[in-house]
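Student: Just need the structure, nothing else, for what follows:
(2 chains)
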2 protein chains.
Amino acid sequence: MILEVADLRITPERQAEFDAAIRQGVETVISHAKGFSGYEVQRCIETPGRYLLMIRWQTLENHTVDFRGGPLFPQWRAIVGPFFAQPPAVEHFELVAKSA
Amino acid sequence: MILEVADLRITPERQAEFDAAIRQGVETVISHAKGFSGYEVQRCIETPGRYLLMIRWQTLENHTVDFRGGPLFPQWRAIVGPFFAQPPAVEHFELVAKSA
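Tutor: Here you go, the predicted structure:
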């Protein structure tokens, strides 16, 4: 299992609209991707317009190859892309430790 | 409930040692803080030496006031501070949506 963390920046004035759009995008598109294993969207308190989209994938390639190279990616970007004030910064992570 | 996300950068050569130290620091120090409600440590795949420490707090002030202003903070920093290659970047987040 790996964690994708996408650091997103949108126009702060559109936050309420984006809250609904990103949820819709994950639930109607990304959740159908191979290896998708759960997600969380978090809105930043200190920096208006900053969001973290965190998605758990069974393997790194489920995101980087299967999803990004497949037909769901353009559907997802059509929903959320228009909100982005700059390109998302995306990296992947492996679990080191967590609460019991 | 709010989420603290600390973006940490350490010397990559010390990752194995840091994996143990950060876990020890959270479990023996931060987990005793008022309002602490769970944590996760994630190690970046693409950027060696990058970690995300994510801690759930009951309120923002439990972290920014109670923890940072209390006796546990210097105990925590004594354990993990020596590993830091640069000051941590810390912000707080509110949940927008997540998996059912």
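Student: does any bit of the strand or helix carrying A:Ala21 sit next to chain B?
Tutor: Assigned by DSSP states H and E, A:Ala21 belongs to helix A:15-28. Yes: using CB under 8 Å from any CB of the partner chain, helix A:15-28 reaches chain B at A:19, A:22-23, A:26-27. Placement of C-beta: from N, CA and C, glycine included.
Student: Buried ones in that helix, by neighbour count?
Tutor: By 16 or more other CB atoms under 10 Å in any protein chain shown, the buried positions in helix A:15-28 come out as A:15, A:18, A:21-22, A:25-26.
Student: before we move on, the earlier item: redo the residues of helix A:15-28 next to chain B as a markdown table? Include pLDDT and distance to B:Trp76.
Tutor: Converted to a markdown table, the residues of helix A:15-28 next to chain B look like this (pLDDT from 0 to 100; distance: CB to CB, whole Å):
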| residue | pLDDT | distance to B:Trp76 |
| --- | --- | --- |
| A:Asp19 | 98 | 33 |
| A:Ile22 | 98 | 33 |
| A:Arg23 | 98 | 34 |
| A:Val26 | 98 | 34 |
| A:Glu27 | 97 | 37 |
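Student: any chance of the residues you listed in CSV, plus distance to A:Val65?
Tutor: Formatted as CSV, the residues of helix A:15-28 next to chain B follow (distance: CB to CB, whole Å):
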residue, distance to A:Val65
A:Asp19, 30
A:Ile22, 23
A:Arg23, 25
A:Val26, 19
A:Glu27, 23
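Student: any idea which of these is closest to chain B?
Tutor: Among the residues of helix A:15-28 next to chain B, A:Arg23 lies closest to chain B (CB to the nearest CB), at 4.1 Å.
Student: so what's that closest one up against?
Tutor: A:41, B:96-97 (CB atoms under 8 Å, 6 or more residues apart in numbering or on different chains).
Student: How much space separates it from A:Arg68?
Tutor: Distance, A:Arg23 to A:Arg68, by CB to CB, to the nearest Å: 21 Å.
Student: Now A:Glu91. Nearest residue, chain neighbours left out?
Tutor: Closest residue to A:Glu91 in three dimensions, ignoring its sequence neighbours and counting by CB to CB, 6 or more residues apart in numbering or on different chains: B:Glu46, at 4.9 Å.
Student: A:Phe67: neighbouring residues, count only.
Tutor: When neighbours are defined as other CB atoms under 10 Å in any protein chain shown, A:Phe67 has 23 of them.
Student: Verify the contact between it and A:Val29 for me.
Tutor: No: the pair A:Phe67 / A:Val29 is not scored as a contact, 9.6 Å apart, by CB atoms under 8 Å.
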